[in-house]
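Q: how would this look folded up:
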Amino acid sequence: MSGPQTPEPALDDQGDSPTDTREEDTAAATQHSHRMLNFSDALLSIIATVMILPVTHTEISPEQFDRSVQRLLATRIAVYLMTFLIVTVAWAAHTRLFQVVGKIDDTLALLNLACMMTITFLPFTFSLMVTFPEVPLGIFLFCVCVIAIGAVQALIVVYAFSFPHLLNPRIGRSAHCGLYRRHVLQIILRGPALCFLAAGFSLFFYPLSYLLMATVIFLPHVSKAAGWCRDRLMGPREPPAHSMEFFTFDLQEPLSKERVEAFSDGVYAIVATLLILDICEDSVPDAKDVEERFHGSLVAALSAYGPQFLAYFGSFATVGLLWFAHHSLFLHVRKATQSMGLLNTLSLAFVGGLPLAYQQTSAFARQPHEELERVRVSCAITFLASIFQFAVWTAALLREAETLQPSVRFGGQEHAFMFAKLALYPCASLLAFLLTCLLSRFSTAIFHVMQIAVPFAFLLLRLLVRLALALLRALQGLAQPAHCAEDPLLPASC
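A: Next up is the predicted model:
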């Protein structure tokens, strides 16, 4: 006699078992998060970049230009940089969150939309902060937005861990999901907790609020430094009973090269778009003005806006060539490290300030007496945007075997060309700044010559680098025989 048999699951009308049907229904109700992540990346790069608009539209008094520039640099640009970096921290946290959540359903998609809606309110609160830096309401509302973003992200974590099929397969199948959930929630809620304290302090001591918000930016690096110091003083800690070695969710860990490229491209694209929006707003003549001042001639009216168009083309060339240098660099990058990511974020923050540089240079014709300070502001923004880009490559060279393709490493075929490409804008903007200090009467001409010369230098750069290397080899060849003749102990092959 045969032993007891396990009953087979009943089949439905199509011959499928109920278990298979439930799995197919679950799979049909979920989808990969790639498209939602692309949407979120685009929105976050826009939000981070448009925060420069309240700064670019700052009214500068001609009578007190120096004092106005100092106030602008000391308050509005500082607050812009802080909030830009906070948004990038939110972007990094969002990206890492969806490394844990591998798939989404309708509920997660709606929760993500709620998170994005809260993020889109940040530019309004930033405008309040830069317009009224000493009034608590702007700081309080900005902190409330950050707290709301953290709360929605915590809801996403709780919901996703309630349905393991939505998680990364390695996490969903783990027996320690509760441990992972607590770890992720702790990381997500650290920034909102600091902003909760900042919101409270804004009501009676707002400088401490700004300090706490700035701490959100550097908190991952502070935590890593504190852990390193603790290990040095007390020795390495014992590994936990339930190892999490295959899963890390930490904001100081480097993001993938592809995500860094996607976010960076979004910032460059939005900055270029903001430039043409300013042209559309400021350089379209009024119909009544055309009729009265230019006797109905639109060509004559547009010719009066020539300096604004010149400033636009120069600013767009700057943005485009900085993107070109960034693209060339990351074309040879194999892996982005933590320091490269931080330096790239700082570079993007100053790239976001290029619309301010455009506003300064487009005002030459309207307020020619203050052109020297405006040129210096524009040169400083361009220099900082490009020097941090150069610093990304320098940081990559320190770990070149891990981060760079062989062609751009020390001694590589493209090393000198990459060095020249990334050093061109820092050198040109610094040279223009120094020349304006010596030849202040010609500051406008110096700046426009720089804007025209640098694109042509990019076109001829490879030829110039080859000529420079050939010249160096020739000089070495001339110097080498004389050196050998002075020292008879050197071999004949010298």
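Q: what helix or strand is residue 308 on?
A: Taking DSSP states H and E as the criterion, residue 308 maps to helix 306-331.
Q: what's the helix or strand that that helix is followed by in contact with?
A: Using DSSP H and E, the helix or strand that follows helix 306-331 towards the C-terminus is helix 338-351. Helix 338-351 is touched from outside by 48, 80-81, 84-85, 88, 221, 252-255, 260, 263-264, 267-268, 271, 319, 322, 326, 333, 336, 381, 384-386, 388-389, 391-392, 395-396, 403, with contacts defined as CB atoms under 8 Å, 6 or more residues apart in numbering. In this view, the C-beta of every residue, glycine as well, is placed from N, C-alpha and C.
Q: picking that back up, how big is the angle separating the helix holding residue 308 from helix 338-351?
A: Using axes from the mean of the first three to the mean of the last three CA atoms, to 10 degrees, one finds that helix 306-331 and helix 338-351 are set 170 degrees apart in direction.
Q: need the three-state assignment for the residue nearest to residue 323 when sequence neighbours are not counted.
A: Nearest non-adjacent residue to residue 323, counting by CB to CB, 6 or more residues apart in numbering: residue 268, 4.3 Å away. At residue 268 the chain is in helix, as set by DSSP: H, G, I helix; E, B strand; the rest coil.
Q: residues contacting residue 268?
A: Contacts here follow CB under 8 Å, 6+ apart; on that basis residue 268 touches 319, 322-323, 326, 351.
Q: the strand or helix carrying residue 90 to helix 338-351, inter-axis angle?
A: Assignment of secondary structure by DSSP H and E places residue 90 within helix 77-100. Per the same axes, to 10 degrees, the angle that helix 77-100 makes with helix 338-351 is 130 degrees.
Q: give the burial count for residue 265, as a bare number.
A: Neighbour count of residue 265, defined by other CB atoms under 10 Å: 17.
Q: please read the previous query as pertaining to residue 165.
A: Other residues within reach of residue 165, judged by other CB under 10 Å, total 15.
Q: for the helix or strand residue 40 falls within, name the packing helices and strands.
A: Using DSSP H and E, residue 40 sits in helix 34-50. Using 3 or more CB pairs under 8 Å, 6 or more residues apart in numbering; DSSP states H and E, the elements in contact with helix 34-50 are helix 77-100, helix 106-120, helix 122-131, helix 257-282.
Q: just how off-centre is it within its chain?
A: Counting by CA atoms, centre = their mean, to the nearest Å, helix 34-50 is centred 12 Å from the centre of its parent chain.
Q: one more: stretch 130-147?
A: Here the centre of stretch 130-147 is set off from its chain's centre by 23 Å, with CA atoms, centre = their mean.
Q: mind giving me the domain split of the protein?
A: Annotated domains of the chain cover 29-226, 257-474 [automatic domain parsing].
Q: ok so, going back, can you pick the most crowded of the contacts of residue 268?
A: Greatest neighbour count in the contacts of residue 268, by other CB under 10 Å, goes to residue 351: 28 neighbours.
Q: okay, the closest residue to residue 208 other than its chain neighbours: pLDDT?
A: Computed as CB to CB, 6+ apart, the closest residue to residue 208 that is not its neighbour in sequence is residue 201, at 4.5 Å. Per-residue pLDDT puts residue 201 at 87.
Q: what's the neighbour count on residue 125?
A: 20.
Q: now it: how far from residue 316?
A: 30 Å (CB to CB, to the nearest Å).
Q: neighbours of residue 441, just the number please.
A: For residue 441, the count of nearby residues is 10 (other CB under 10 Å).
Q: SS state for it?
A: Quick answer, by three-state DSSP: residue 441 is helix.
Q: what does the one 5 residues further on give?
A: Secondary structure of residue 446, reduced to three states by three-state DSSP: helix.
Q: not counting residues beside it along the chain, what's closest to it?
A: Per CB to CB, 6+ apart, closest to residue 446 is residue 435, 5.0 Å.
Q: what strand or helix carries that neighbour?
A: Taking DSSP H and E as the definition, one finds residue 435 inside helix 415-438.
Q: distance from that helix to the middle of the chain?
A: What separates the centre of helix 415-438 from the centre of its chain is 22 Å, taken as CA atoms, centre = their mean.
Q: number the chain from 7, please
A: All set: I'll call the first residue 7, so the last point we hit is now helix 421-444.
Q: if we can go back for a sec, include distance to residue 238 when you put the domains of the chain into TSV, please.
A: TSV is the format used below for the domains of the chain (distance: least, CB to CB, whole Å):
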stretch	distance to residue 238
domain 35-232	11
domain 263-480	19
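Q: hmm, back to that, show me what the helix holding residue 314 is packed up against.
A: With contacts defined as 3+ CB pairs under 8 Å, 6+ apart, helix 312-337 has these neighbours: helix 263-288, helix 344-357, helix 360-368, helix 377-404, helix 421-444, helix 449-465.
Q: and if we set it to 10 Å?
A: On a contact count with 3 or more CB pairs under 10 Å, 6 or more residues apart in numbering; DSSP states H and E, helix 312-337 meets helix 263-288, helix 304-309, helix 344-357, helix 360-368, helix 377-404, helix 421-444, helix 449-465.
Q: return the set of buried residues in that helix.
A: Buried residues in helix 312-337, counted by 16 or more other CB atoms under 10 Å: 313-314, 316-318, 320-322, 324-325, 327-329, 331-332, 334-336.
Q: ok, residues contacting stretch 466-481?
A: Contact partners of stretch 466-481, identified using CB atoms under 10 Å, 6 or more residues apart in numbering, comprise 420, 422-427, 430, 460, 463.
Q: now, the most widely separated pair of the residues you listed?
A: In those, two members sit farther apart than any others by CB to CB. They are 420 and 460, at 20.3 Å.
Q: which one of these two has more residues nearby?
A: residue 460 (21 against 18).
Q: tell me which residues touch the more buried one, please.
A: By CB under 10 Å, 6+ apart, the contact set of residue 460 is 320, 323-324, 327, 388, 430-431, 433-435, 438, 467.
Q: kindly indicate which of those residues lies nearest residue 108.
A: Closest approach to residue 108 among the contacts of residue 460 (CB to CB): residue 327, at 38.4 Å.
Q: just give the number of residues close to the spatially closest residue to that closest one that is not a sequence neighbour.
A: Nearest in space to residue 327, with sequence neighbours left out and distances taken as CB to CB, 6+ apart, is residue 464 at 5.8 Å. Residue 464: 18 surrounding residues under other CB under 10 Å.
Q: distance of residue 464 from residue 410?
A: Relative to residue 410, and taking CB to CB, residue 464 is found at 22 Å.
Q: check residue 348 too.
A: To residue 410, residue 348 is 18 Å away according to CB to CB.
Q: next: residue 113.
A: The gap separating residue 113 from residue 410 is 43 Å, by CB to CB.
Q: who's more crowded, the two?
A: Using other CB under 10 Å as the criterion, residue 113 and residue 410 rank with residue 410 on top: 22 against 15.
Q: wait, what's in contact with the residue nearest to the more buried one when sequence neighbours are not counted?
A: With sequence-adjacent residues excluded and distances taken as CB to CB, 6+ apart, residue 410 is closest to residue 402, at 5.3 Å. By CB under 10 Å, 6+ apart, the contact set of residue 402 is 335-336, 338-343, 345-346, 349, 408-410, 414-415.
Q: among those residues, which ones are buried?
A: 335-336, 338-339, 342-343, 345-346, 349, 409-410, 414-415.
Q: now the stretch 7-156 of the chain, which segments are flagged as low pLDDT?
A: Across the stretch 7-156 of the chain, the ranges flagged by pLDDT under 70 are 7-36, 62-80.
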